[in-house]
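Colleague: what would the 3D arrangement of this be:
(one chain, ligands or ions: 1)
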Amino acid sequence: MPIAVLVSGGGTNLQALLDAEGSGTLHSGTVTLVISDRPGVFALERAAKAGVETLTLDRKALGREAFEQALARTLQERGIGLVVLAGFLSILSASFTDRFAGRIINVHPSLIPAFCGKGFYGLKVHEAALVRGVRLTGATVHFVDSVPDGGPIIDQKAVRVLRGDTPETLQQRVMKQAEWVLLPRAAEKVCRDILRGRG
Ligand code: GRF
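Modeller: The predicted structure follows:
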C-alpha cells in the first residue's frame with residue numbers, strides 16, 4: 001500500500017519508517033512520497049537519500065485552502081492508502097480529515113490525553129511534562145480527526161522521566177524509546193487492517 005509521509009522538520013520519525021521498511025517491520029505499506037509543508041527541512045534530505053520522491057507544498061505561501069486542495073489532489077492522484085503525519089506541524093481542517101477518515105495517523109510525544117491539543121508540540125510538550133513533575137510520559141499514535149490530537153488512539157508507549165532531565169534529554173528519550181518504535185508498528189498495523197478490509 002502506498003504511504004505518504006507529511007513532515008515539517010528534522011524527519012527522525014520519517015527515518016524510523018524508512019528504516020522499518022528496510023528491516024521488514026513495515027511490509028504491508030511502502031513510503032512512496034514525502035510531502036513537506038515548508039521548504040528546506042532536513043526530512044526532505046532523508047527522503048532523497050532513501051530514493052523517495054519528495055514534494056514541498058509551502059503552506060504559508062499557499063494558504064490553508066490551496067494547500068489542502070493541492071495535498072488532497074496529490075494523495076488522490078498517487079493512490080495513497082495511508083497518510084502518516086511525522087513531526088508535521090500544520091493543523092488539517094475537519095473537511096480534510098473527514099475526507100481521509102481512517103487513513104491518517106499521527107505520532108504525538110506524550111501519553112494522550114496529557115499534554116496535547118492546541119499549542120502542545122515539539123519541546124513544549126516535554127517542558128509541560130517537566131513543569132507538572134510527571135514520573136512517566138511517552139508517545140501516542142492515533143488516528144487524525146478534526147480535533148488536534150483527539151482521534152482514536154492506536155497505541156501508546158511509556159517512558160520514565162529521569163531526575164535532571166531537560167526538555168531536550170526527555171525529547172530524545174521519548175523519540176528513541178517510544179515514537180520511533182510506535183510509528184512503524186502502527187503504520188504496519190493500519191496498512192494491514194486496511195488491506196484486509198478492516199480499515
Ligand atoms: C519531535 O518533537 C517529535 O516528538 C514530534 O515532532 C518533532 C519532530 O519530529 N513528533 P521529526 O524528527 O521531524 O520526526
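
Colleague: count of residues packed around the residue of the chain found nearest the ligand?
Modeller: The chain approaches the ligand most closely through Gly87 (2.5 Å), counting by CB to the nearest ligand atom. Where you see a C-beta, it was placed from the backbone N, CA and C, and this is true even at glycine. Gly87 has 23 neighbouring residues, counting by other CB atoms under 10 Å.

Colleague: again with the one 5 residues further on
Modeller: Taking other CB under 10 Å as the neighbour definition, Leu92 ends up with a count of 25.

Colleague: same question, Leu26
Modeller: Leu26 sits with 24 neighbouring residues when counted by other CB under 10 Å.

Colleague: what's the answer for Asp98, then?
Modeller: Neighbourhood size, Asp98 [other CB under 10 Å]: 11.

Colleague: and it, what's its pLDDT?
Modeller: For Asp98, the pLDDT comes out at 96.

Colleague: contacts only, for it.
Modeller: 145-146 (CB atoms under 8 Å, 6 or more residues apart in numbering).

Colleague: now the end-to-end length of stretch 45-62.
Modeller: End-to-end distance for stretch 45-62: 22 Å, by CA to CA, to the nearest Å.

Colleague: give me the three-state assignment for the residue of the chain closest to the ligand.
Modeller: Classification of Gly87 using DSSP: H, G, I helix; E, B strand; the rest coil returns coil.

Colleague: only C-alpha atoms, please: export stretch 31-40 in CSV.
Modeller: C-alpha atoms of stretch 31-40 as CSV (Å, rounded to 0.1, in the frame of the first residue of the first chain):
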residue,chain,number,x,y,z
VAL,A,31,6.7,5.1,1.7
THR,A,32,6.3,6.4,-1.9
LEU,A,33,6.1,10.1,-1.2
VAL,A,34,7.3,12.6,1.4
ILE,A,35,5.4,15.9,1.5
SER,A,36,6.7,18.9,3.5
ASP,A,37,4.6,21.9,4.4
ARG,A,38,7.7,24.2,4.3
PRO,A,39,10.8,24.3,2.2
GLY,A,40,14.3,23.2,3.1
